[in-house]
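Trainee: coordinates for the following, if possible.
(5 chains, ligands or ions: 5)
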Amino acid sequence: MRGDRTLFAGLSLDLAPGEALHVRGPNGLGKTTLLRALCGLSRPMRGEIRWRGQKVSDLGEEFTAEVAYVGHLNGIQGDLTASENLRLTSQIFTRRKQQGVSAGEALERVGLRAQADRPARHLSQGQKRRLALARLLVLRRPLWVLDEPFTALDMASVASLSCLIGEHMATGGLALIVSHQAFDLPGIRDFELAHYCKARK
Amino acid sequence: MRGDRTLFAGLSLDLAPGEALHVRGPNGLGKTTLLRALCGLSRPMRGEIRWRGQKVSDLGEEFTAEVAYVGHLNGIQGDLTASENLRLTSQIFTRRKQQGVSAGEALERVGLRAQADRPARHLSQGQKRRLALARLLVLRRPLWVLDEPFTALDMASVASLSCLIGEHMATGGLALIVSHQAFDLPGIRDFELAHYCKARK
Amino acid sequence: MKLVHKYGAPKRFYELAGTVVPWLAALTTVLMVVGLYLGLFWAPRDYQQGNAYRIMFVHVPNAWMSMMAYVAMAVFAAAGYIWNMRLADILAKVTAPLGASFTLTALVTGSLWGKPMWGTYWVWDARLTSELILFFLYVGYMALQASIDDARRAAHASAILAIVGAVNVPIIHYSVYWWHTLHQPASLTLTNQPKIYITMLIPLIMMSLAFTFFYLTMLCVRARSEILWRERNTDWVRKLVGSRT
Amino acid sequence: MAGLLGAMRAVFVRELLVFWRRSTEVMTALVFFVIVTTLFPLAIGPERRELMLVAPGVLWVAALLATTLSLNHLFASDYQDGSLEQMLMSPYPLSAMVFSKIAAHWVLTGLPLALLSPLLAIQLALPMKAIGTLVGSLLLGTPTLTLIGAVPAALTLGVRGGGVLVSLLVLPLYTPVLIFGAEAVAASAGQGFASVAHLSLLGAFLALALSFAPWASSAALRVSLD
Amino acid sequence: MAGLLGAMRAVFVRELLVFWRRSTEVMTALVFFVIVTTLFPLAIGPERRELMLVAPGVLWVAALLATTLSLNHLFASDYQDGSLEQMLMSPYPLSAMVFSKIAAHWVLTGLPLALLSPLLAIQLALPMKAIGTLVGSLLLGTPTLTLIGAVPAALTLGVRGGGVLVSLLVLPLYTPVLIFGAEAVAASAGQGFASVAHLSLLGAFLALALSFAPWASSAALRVSLD
Ligand code: HEM
Ligand SMILES: Nc1ncnc2c1ncn2[C@@H]1O[C@H](COP(=O)(O)OP(=O)(O)OP(=O)(O)O)[C@@H](O)[C@H]1O
Ligand SMILES: Nc1ncnc2c1ncn2[C@@H]1O[C@H](COP(=O)(O)OP(=O)(O)OP(=O)(O)O)[C@@H](O)[C@H]1O
Ligand SMILES: [Mg+2]
Ligand SMILES: [Mg+2]
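Mentor: Ligands and ions are numbered 1, 2, ... in the order given. Have a look, this model is predicted:
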């Protein structure tokens, strides 16, 4: 539900460990709305979301501690440098045993080592996006929820992000990806959201 | 020049009527910087830009009246409805003889007729992008400068935008397009910006 | 104009300033020492104020310099904006903190002087008020400079502010004076000072010259380091720094 | 309808529409004015004689602060969503567009504030005979404030800490208007004579601001968007 | 270092770092306070006796306005760039994170303001003996203001015209603090006795705000981000 319009009904999906889902559908269908509801950022009007068999609404922080979300917004503080952004992210968002790779290593992986000490404000659009994605590496959470992660990325970065998602799946991680852009990732399952939508005026 | 770094040197390009250029290059190379300089939004440190043989810096408003720019930002006022946004754009930005199609028609073309009377704030990411692109139709300017126009567009919209650019070229228009995404457009010229960049640290 | 461009190149200025700085510094020191000696020991005790008046030899030159520096800053800024001269941008930028410190010194010494003279650190006298507003203008200019990190943008933005300020400063100055005259005069004003004796005037003039040269010295020193910083990626600075280390 | 005047009219209408949609914003400068003037009696105490002494000053300071705060809305949202960037690419002179924006902004902030001021003046025990001067001084003074303020508002776009920085830059520039505005009201609360001179000075300030502010703020916008 | 306390510390450090980078912002609440107190004598006139009467009120109103304005920076930039959305997904309770943010914000705005107030008090001819009370009342009052203000600041995120709406919502909530703060100073400028009672009331407000504000503002954040 968005405003007073119901976007979809009768939708049901589940994910097994090591699985990734590529959610597709035309603009304005409700993909972003769906993802935000799944991460617990907004509450769905009807229906329920379960994680390891338990209702998300009951789990509270137990659930959010397992999800990494990268949305349309990058979540980068422009006045801090790229590496400060990541370091603080890892301090604020990780419990002891969930620590992922170090900030430096994550920057290395997304090809921002040269930019590590520049204010994030000065990065180009694609560099900002990569910085936002580096969060996934720093946090090491089992469920990745990515809303148009390939926006503004150049071709090499698109390939290396697909690769990252592949590795994540290989270690038993789950991923939910919304993207209009096609990308190569063996074993990903397509999901046409349009099938579940009510007839639209 | 960006900050105190020189981004590129020795770059020279020209466009003939009816021609389009697809500028490519990895993230952070300076594509956005280049486009903004070409539209006159920022002054290049060195070098000059000419339009119909005259220096852009001398032409002033004569030149900006011929350019339509769609950048990373959509330039949409969220509190106005989609059609108000377009109608006011056409009133503010057009001289008498340059009037393009009407706001309603432009919305029709980009598939936003159903959304015409909704506040632009409530549109989804892709719908906002389409609204920004509708400006091109309303203004009818000879030079289109587009920075990642395909961001957030679904597959159908990507195709119809390519089509639009093709029509624009057919009527003698020029287009400069920055995009990481591949798109089909017969007769477009590729331009690798990387060739002109200084060695980067 | 050609001459300006020749000597206006930051590199040339760097070298030129390097040669004059020692002379300026020497002149400043001599004037300062002699002026202070004359002011503190040679000038007679004031029959009304005792020795407290000697603070004048610091206060008055600083008050004068605070206004001169603003004019200099606005002129530099305008030149930098209109003719796109980087050297003028730099001079305007480094003048601001100097002017602000002259202003602050004038305010502090004035307040300290005010306590024995008026029995209070502060009154809303016209001169005092406009000096305070001048201080705010300097602070605003510096804050704007500090919050934009692209050097060229910072220079242009603060130049516009300095120019708008320059239009306003005279208006502010006179309105404050007029504001004051409409009220009953404060218990004591600066204007009914006893006439200044020649023995007080000479040290005062020397101190004023000393502070003027102090400003010029500091202007050169600070502009030199600013130039080095801005041109840190150019060949000549690399060579210079390389030859030192 | 096309041409420069048409474009200026369209900018004006656009501003009014946007402000109208954000209905709270139309009122907020006004409400801020009201709240600040009501805070004072709370903080100072309710004696009428004391209040009357400070009333002109309080009203003018409150009007000035309300205008200063509303400056943040003049360009900021257009800057963030990219509309301002587009406006730079208009075929008409930028200063004309900026002038329309400033005019619309004043109609929505300064004007209602001046019209509401008599009510607050009564609350603060200002004598009846001074109320005409109060409204007059605000009608002449607030457009000057908005015009002058447009320059720092444009300069601080996209700058770290922009919002409050505007106040820092603009308040020193406002002192002449404040002094003569408050003086005019105080004078007519007393003898009711000298206020004419003050009002004509305010008029002169307005003329000066009209002549240079649109130009300076469009130059500032170009710098900010560089 | 990990765990809840580590995360709270990291949020605190992050705020300080960001503010420090925006060096002007550290000063602006302060400078706003200074400038507003300076405007009053300009508007009211320079006589010491009149100034002394209004000094406690002016100082407190200025402190309150400076705090109110700085509230806009508490969550707004984190909201716009999406950092706040991420913070909602932290494994720790949101109210703890919010508490750290508020604490850092006070250290950077309220604290310096309280420490600078004696200088301004001298300018406004406040008697020396009242200055201790002034600093004390501000040290107790400003954290309360920041805590209470965090709730409307969170509620108005992403709301049209948010900035000024905050002032509108928050100023009525601030009146008790204002009244007792200004009274305390005025009392000690006069007899110097009754001020203790006022100060302990301010302390009680602070305790109350500490207990409910972090919780309420984190609830408000969830609503705003839905
Ligand atoms: C905070 C307090 C004070 C401030 C901000 C201040 C400011 C100034 C300024 C701006 C000037 C230069 C005026 C001009 O050349 O037009 C000046 C000059 C002067 N001040 Fe002060 N002043 C302060 C306190 C005092 C006190 C307490 C005295 C002594 C009674 C004093 C005595 C003088 C004298 C003798 C001059 C030079 C006279 C002249 O150039 O006409 N000042 N002051
Ligand atoms: N705040 C809102 N109030 C009312 N309707 C809204 C709001 N936000 C979005 N919508 C509508 O809800 C629908 C779904 O939006 P959503 O952002 O989820 O689409 P999407 O599938 O992510 O599209 P895109 O591919 O363009 O990003 C759209 O039709 C949009 O117009
Ligand atoms: N304000 C700034 N100050 C200093 N450097 C900057 C600034 N803005 C951008 N840069 C740097 O300039 C370079 C070019 O940026 P630009 O945005 O033009 O890249 P781009 O080619 O458009 O990249 P993308 O494909 O990611 O959008 C980048 O390396 C960026 O980090
Ligand atoms: Mg979406
Ligand atoms: Mg780009």
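Trainee: and A:Y69, what does it touch?
Mentor: When contacts are counted by Cβ atoms under 8 Å, 6 or more residues apart in numbering or on different chains, A:Y69 touches A:L35, A:C39, A:L41, A:V145, A:L146, A:D147, E:E85, E:Q86, E:M89. No exception for glycine: its C-beta is placed from N, CA and C like everyone else's.
Trainee: try it again with 6 Å
Mentor: A:Y69 sits next to A:C39, A:V145, E:M89 when contact means Cβ atoms under 6 Å, 6 or more residues apart in numbering or on different chains.
Trainee: okay, helices next: where are they in the chain?
Mentor: No chain was given, so I picked chain A. Shown for chain A, the helices assigned by DSSP state H span residues A:31-38, A:56-59, A:61-64, A:82-93, A:103-109, A:125-139, A:155-170.
Trainee: not quite, I wanted chain D
Mentor: Ranges of helices within chain D are D:3-21, D:23-44, D:48-70, D:72-80, D:83-87, D:94-108, D:110-123, D:131-155, D:162-190, D:195-225, based on DSSP H.
Trainee: which of the ones you listed comes out lowest on mean pLDDT?
Mentor: Note on the helices of chain D: lowest mean pLDDT is at helix D:23-44, with a mean of 80.
Trainee: does chain B sit close to that helix?
Mentor: No. Helix D:23-44 does not reach chain B (Cβ under 6 Å from any Cβ of the partner chain); its nearest approach is 9.6 Å.
Trainee: list of residues touching that helix?
Mentor: With contacts defined as Cβ under 6 Å, 6+ apart, helix D:23-44 is touched by D:19, D:58, D:62, D:66, D:70, D:108-109, D:112-113, D:120, E:54, E:57, E:60-61, E:161, E:164-165, E:167-168, E:171, E:178-179, E:182.
Trainee: returning to that earlier point: looking at the helices of chain D, which is nearest to ligand 4?
Mentor: Taking Cβ to the ion, helix D:72-80 is the member of the helices of chain D nearest to ligand 4, at 19.3 Å.
Trainee: the closest one to helix D:195-225, inter-axis angle?
Mentor: Interaxial angle of helix D:72-80 relative to helix D:195-225 (axes from the mean of the first three to the mean of the last three Cα atoms, to 10 degrees): 20 degrees.
Trainee: and helix D:72-80, which residues are buried?
Mentor: Applying a neighbour-count criterion of 16 or more other Cβ atoms under 10 Å in any protein chain shown, one finds D:N72, D:H73, D:L74, D:F75, D:A76, D:S77, D:D78, D:Y79 buried in helix D:72-80.
Trainee: show me which pair in those residues is furthest apart.
Mentor: Among the buried residues of helix D:72-80, the pair separated by the greatest distance (Cβ to Cβ) is D:N72 and D:D78, at 12.0 Å.
Trainee: which residues of chain A score low on pLDDT?
Mentor: Residues of chain A meeting the criterion pLDDT under 70: A:1-15, A:45-46, A:96-98, A:196-201.
Trainee: if we use 80, what do you get?
Mentor: Counting by pLDDT under 80, chain A has low-confidence residues at A:1-17, A:40, A:42-61, A:94-100, A:183, A:187, A:191-201.
Trainee: ok, now which ones touch D:R14?
Mentor: Each residue near D:R14 by Cβ under 6 Å, 6+ apart is listed here: B:L88.
Trainee: cutoff 10 Å now
Mentor: The contact partners of D:R14, by Cβ atoms under 10 Å, 6 or more residues apart in numbering or on different chains, come to B:77, B:80, B:84-85, B:87-89, B:91-92, D:78, D:83, D:100-101, D:104.
Trainee: returning to what we had before: quick one: which of the buried residues of helix D:72-80 is nearest to C:A151?
Mentor: When the buried residues of helix D:72-80 are ranked by distance to C:A151 (Cβ to Cβ), D:Y79 comes first, at 21.3 Å.
Trainee: which residue, other than its chain neighbours, is closest to the closest one?
Mentor: Spatially, and ignoring its direct neighbours in sequence, D:Y79 is nearest to D:L157 (4.7 Å; Cβ to Cβ, 6 or more residues apart in numbering or on different chains).
Trainee: equivalent analysis for A:Q125, please.
Mentor: In space, A:Q125 is closest to A:A152, 4.3 Å off (Cβ to Cβ, 6+ apart).
Trainee: list the contacts for residue 132?
Mentor: The chain I'm using is chain A. For A:A132, the contact set (Cβ under 10 Å, 6+ apart) comprises A:70-71, A:73-76, A:85, A:110, A:120, A:146, A:149, A:151, E:81-82, E:86.
Trainee: my question was about chain C, not that one.
Mentor: Residues near C:L132 by Cβ under 10 Å, 6+ apart: C:103, C:107, C:122, C:124, C:176, D:172, D:175, E:34-35, E:38, E:41-42, E:123.
Trainee: and the residue lying closest to A:I177 once chain neighbours are set aside, how many residues sit next to it?
Mentor: Excluding the flanking residues, the one nearest A:I177 by Cβ to Cβ, 6+ apart is A:L146, at 4.8 Å. Using other Cβ atoms under 10 Å in any protein chain shown, A:L146 is surrounded by 24 other residues.
Trainee: which bits of chain C sit near chain A?
Mentor: By Cβ under 10 Å from any Cβ of the partner chain, the residues of chain C that approach chain A are C:D149, C:D150.
Trainee: so where's chain C shaky on pLDDT?
Mentor: Filtered on pLDDT under 80, chain C yields the residue ranges C:1-10, C:43-53, C:125-126, C:149, C:173, C:175-200, C:232-235, C:237, C:241-245.
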